[in-house]
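Participant: Dropping the sequence and predicted coords here.
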Amino acid sequence: MTVTDNPVASFHDNDQHPVGFGRMLRKEDPRLIRGKGNFVDDVQLPGMLHLAILRSPYAHAKILGIDVSAAQAHPNVVAVITGADLAEQGLAWMPTLSNDVQAVLATDKVRFQHQEVAFVVAEDRYSARDALELIVVDYEPIDPVMDVRKALEPDAPVIRDDLDGKTDNHCFDWETGDAAATDAAFAKADVVVTEDIVYPRVHPAPMETCGAVANVDQISGQLTLWCTSQAPHAHRTVYALVAGLPEHKIRVIAPDIGGGFGNKVPIYPGYVCAIVASLVIGKPVKWMEDRTENLVSTGFARDYVMRGEIAATSDGKILAVRTNVLADHGAFNGTAAPVKYPAGFFGVFTGSYDLEAAYCNMTAVYTNKAPGGVAYACSFRITEAVYLVERIVDCLAHELDMDPAELRIKNFIQPDQFPYTTKTGWVYDSGNYEPAMRKAMDMIGYDELRREQAEKRERGELMGIGIAFFTEAVGAGPRKDMDILGLGMADGCELRMHPTGKGVLRLSVKTQGQGHETTFAQIVSEELGIPPEDLEVVHGDTDNTPFGLGTYGSRSTPVSGAAAALVARKVRDKAQIIASGMLEVSVADLEWMKGSFQVKGDPEKSVTIQDIAMKAHGAGDLPEGVEGGLEAQICYNPENLTYPFGAYICVVDIDPGTAHVTVRRFVAVDDCGTQINPMIIEGQVHGGLTDGVGMALMEIIEFDELGNCLGGSFMDYLIPTALEVPDWETGHTVTPSPHHPIGAKGIGESATVGSPPAVVNAVIDALKPFGVRHADMPLTPSRVWETMQGNHTPPI
Amino acid sequence: MQVPAPFEYERATSVDHAIALLERLGSEARLVAGGHSLLPMMKLRFATPEYLIDINDLHDELGYIRVEGDEFRIGAMTRHRELLESDELAAAFPIFRDAEKVIADPVVRNRGTLGGSLCQADPAEDLSAVCTTLDASCVIRSSDGERVLTMHEFHRGPYETAVEDAQMLTEIRIPIRPNGSSAYEKVERRAGDWAIVSAGAAVWMDGETISDARVGLAAVGPNTTGIGAISEALRGQVPTEELYATAGGLAAEASRPSADSRGTEAYKRHLADELTRRALRRSVARITGTNGQEA
Ligand SMILES: Cc1cc2nc3c(=O)[nH]c(=O)nc-3n(C[C@H](O)[C@H](O)[C@H](O)COP(=O)(O)OP(=O)(O)OC[C@H]3O[C@@H](n4cnc5c(N)ncnc54)[C@H](O)[C@@H]3O)c2cc1C
């Protein structure tokens, strides 16, 4: 399987109607760039009402009473609902994706600032918002628990006193690896390096905030929910299980989605409020959160306080990695991860290295912060894992005074070791690390940069080169191991060919900008030899698509992409039987020519897939036992995850006077196996790299000691612009996945996972003259300057 | 979508009309110029005026940059973009273009105004630092007539100015003096963000020596700060790195920064020093025609 880098134009501007893999413009873009997309907030229904949510000003407080009378008296207000009202219906609490519970509206007390307390339904959005100010809530503040390190102190206020017998803020413990073997490896090591590493709380901040329009038909009892959901089928089942609504009477439609990054995986109280409101009032109800609500209350990411330890021989052979993690899960454990994986896939913290032993011990706690926990392009906590190992390996290079590229290459898992079982039990499917690393080094001119750096250091200039080499684990997942709330992580796909040889492909996954309508059409195009334009891709509507768990964790191509290829092969197999009838030869005598079946050795005798589609629906007999029509469906259960990897190198310059960091260059060599559409891959990589620069240099959701969230607007929560990032330099190697039908691996989160350590490693490298080995993100000018002054843990 | 509280809207057609509306509607009325400070605050409901008086139609009357006698006169409705693009202004006071290049983004600069910037009186506001550096005066008009105030008199504290009910800022006046130049230095966390700290400098020379100099800082205290001690220390001196260091030290000393998510106190004080040196160095280089790189 080779992939050629055609310029964009050569794909579409020629007359050959190319099929299959390669660059092509996205089928969804004409609609999106012309403003003809259809997002949740575009949904307008006759008589639709608007819902606004009252949120708590306190991080931790008892609710003594709520007076809604003034709000109810507002002329445009239709209803005001509190937690007590929901409790009467048994709807005040809902399950989270991690088998915890979360308040839909607070009843007893509020547990994070901006928690949902009541909602107003009014005739227009302005009135709903105005009426919130008329609700009077009597709070009795309680000391909040904001510092994860203090959450387990004996006198810490207990946040989750709603849970039976709960007397502390402990959420769960988790471990992986072999503690004794790891201790033994550390005991014999020449060098042991320990570093405290914080991955701060950040936010996905999608351009479109979360929202829903709920419409309950009073007569049929049918609920239609337009919703910003990355997983419409999973959401539907959860609504059925929670609210007792019959599943066949629920239709969840995720229309165009303006970015998800994991933020749109959970079910938020606002969705439930909209459903309840429509049920009670009997009219359609819209809830769209504003920017502040999105930043302060929806799924955050990271918030891991990690101690990393690495053991090695004096010549740089890494023996073992050990880590102890304190995980901040906020007020409710809303982590979206497979049930058996409370820490997501953090277990891949052994990275791309062949180790003797590894061990992780994690304690998760509750704090008075917003719940959520895994969202944000992190492949289920792999972002944290990769950051830990890539940072600690650099710390080791620092101690050994070894080149960080050389240290990594020396310790890579070798190509002949794949499939490789890590010391924490993950089976890496395929990999060939050194060529990717060498390619990145060649592209950036590594040796020349080191020479330049040496010269600059002589002159007191601060330049840094940072490397990160990551291995990801994406495509959750095999149903024997992986489920969310008991739902296996398999995905369905249906392909129906029309008589004229065009087709419709129905997916269980849902794009939020990744380009599914193009990529999936190309997968089927490759299998059937018809142009991608001839395939309509339908997704996001539970009534019109097969069941599956949705798009997150870079799982669409590894899971649904496999389903699409296999469903097309099923169609092709049937087409072959029909073709054998049409050409009056046996099936075995036919050869597939990517678009047509031909009698072996007789190019004159062939039928195209379009001919076959017409025959399948047309007059005349089909071969014995063959039904009419040309369609198939499948539910794909992946055998394993896929393990994309990449080599990233970043060059930064730091102004010694102001400590301001400029990212000068960034080379990203990615290997996601077979490439379907290189342009879409590059787009995803560009976005992820930009994201990584943001996390490394500016993004953080902070709180003060009173529990106030300090990141509630884009003035406070900074995300990078085009001016903070260089022209990305991307490259690739191709190491197909052995178990995926087309050899593809996921790419959606690779760059988000791989880029933060590359940028941080570059900044720390630049600060080497100051003896600096580590500083925590975000590396704002202030923090870099404080680090230069010897203060390694400045507040900002 | 963030939605403001209810308000009434009026559109002024002249300065007199605006003032008449302010008089009639009282203290719950607010002028809206570019709206890039006021509207975000209204959407967050930090500001809840009962009446908005839109003065954008006054751009014809109050949108100008002209020289009158020995002064530059700039109308309060002059937009960031016009300040950025004015070659005349850049020739006389390069500090304006330096600053405008790093204020916000094109969308904001297309609408935001000089008057709105000064009246917002945000301690991190860049044009206030520029005007302080250039010893500008502010013309405030009411139905009783005009008052002319120094920047020091104009800014009374964070978000507080000398503009009272039924008054408006109409013009900024900047004295033109020979043999001078100016520069602006800002450190921001991200393009378009407010300053962590910024420093403006203006220098006038008499041959080899500095005849006068002024420094104005933003984001290091309750208001943009002009530092008299620096002017005193620089007058009559030959510019050297040591002199800039002295001035930087004075700037750091005069700063009263507070720690926030933009930076620690120590870092901000350091920037006051560093950026003062850079702005002075660049101003002098612009006069003497050298490149302004560190000696
Ligand atoms: C994203 C963003 C980034 C920004 N970044 C920066 C930055 O880096 N540096 C910076 O300095 N600024 C920045 N700003 C602020 C920007 O410069 C504003 O436009 C400016 O501060 C206010 O000008 P305005 O015309 O928009 O004022 P408005 O918002 O219309 O008004 C501001 C206040 O001044 C009053 N007012 C306006 N005109 C008059 C007048 N003639 N007389 C009396 N009162 C008046 C109004 O009543 C109001 O109280 C930024 C703004 C945004 C939205």
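Facilitator: Great, that's in hand.
Participant: in chain A, which ranges drop under the pLDDT threshold?
Facilitator: For chain A, the stretches flagged by pLDDT under 70 are A:1-17, A:373-377.
Participant: and the residue in chain A positioned nearest to chain B, which of the three is it?
Facilitator: Nearest residue of chain A to chain B (C-beta to the nearest C-beta) works out as residue A:782 at 3.3 Å. In this view, the C-beta of every residue, glycine as well, is placed from N, C-alpha and C. Secondary structure, DSSP: H, G, I helix; E, B strand; the rest coil: residue A:782 is helix.
Participant: Return the residues in contact with it.
Facilitator: Residues near residue A:782 by C-beta atoms under 8 Å, 6 or more residues apart in numbering or on different chains: A:659, A:794, A:796, B:196, B:262, B:263, B:264, B:267, B:268.
Participant: tally of neighbours for the first one?
Facilitator: The number of residues packed around residue A:659, counting by other C-beta atoms under 10 Å in any protein chain shown, is 27.
Participant: Kindly report the same for residue A:524.
Facilitator: For residue A:524, the count of nearby residues is 28 (other C-beta under 10 Å).
Participant: That one should be in a strand, yeah?
Facilitator: No. In this structure, residue A:524 is helix, not part of a strand, as judged by three-state DSSP.
Participant: Identify the residues contacting it.
Facilitator: A:495, A:503, A:505, A:530, A:532, A:535, A:564, A:565, A:567, A:568.
Participant: any idea what sits nearest it, other than its immediate chain neighbours?
Facilitator: Of all residues beyond its chain neighbours, the one nearest residue A:524 is residue A:568 (4.5 Å), with distances taken as C-beta to C-beta, 6 or more residues apart in numbering or on different chains.
Participant: Likewise for residue A:763?
Facilitator: Computed as C-beta to C-beta, 6+ apart, the closest residue to residue A:763 that is not its neighbour in sequence is residue A:779, at 5.0 Å.
Participant: returning to that earlier point: need the max-distance pair from the contacts of residue A:524.
Facilitator: A:532 and A:567 (15.6 Å; C-beta to C-beta).
Participant: out of these two, which sits in the more crowded spot?
Facilitator: Neighbour totals were compared for residue A:532 and residue A:567, and residue A:567 leads with 29 against 26 (other C-beta under 10 Å).
Participant: Tell me the secondary structure at residue 118.
Facilitator: I went with chain A, as the question did not name one. Quick answer, by three-state DSSP: residue A:118 is strand.
Participant: ah, no, chain B please
Facilitator: helix.
Participant: Return the distance of it relative to residue B:126.
Facilitator: 11 Å (C-beta to C-beta, to the nearest Å).
Participant: three-state assignment of the residue in the stretch 401-550 of chain A that the ligand sits nearest to?
Facilitator: Closest approach between the stretch 401-550 of chain A and the ligand, counting by C-beta to the nearest ligand atom: residue A:513, at 23.9 Å. Recorded secondary structure, residue A:513: coil (three-state DSSP).
Participant: Residue numbers of the stretch 601-750 of chain A in contact with chain B?
Facilitator: Applying C-beta under 8 Å from any C-beta of the partner chain, we find that the stretch 601-750 of chain A lies next to chain B at A:657-660, A:698, A:700, A:702, A:710, A:713, A:715-716, A:718, A:720-721, A:723-724.
Participant: List buried residues within these.
Facilitator: In these, burial by neighbour count holds for A:657, A:658, A:659, A:660, A:698, A:700, A:702, A:716, A:718, A:720, A:724, counting by 16 or more other C-beta atoms under 10 Å in any protein chain shown.
Participant: What is the burial count for the residue nearest to the fourth one when sequence neighbours are not counted?
Facilitator: Right, the one you point to is residue A:660. Spatially, and ignoring its direct neighbours in sequence, residue A:660 is nearest to residue A:781 (4.7 Å; C-beta to C-beta, 6+ apart). Residue A:781 has 25 neighbours, counted by other C-beta under 10 Å.
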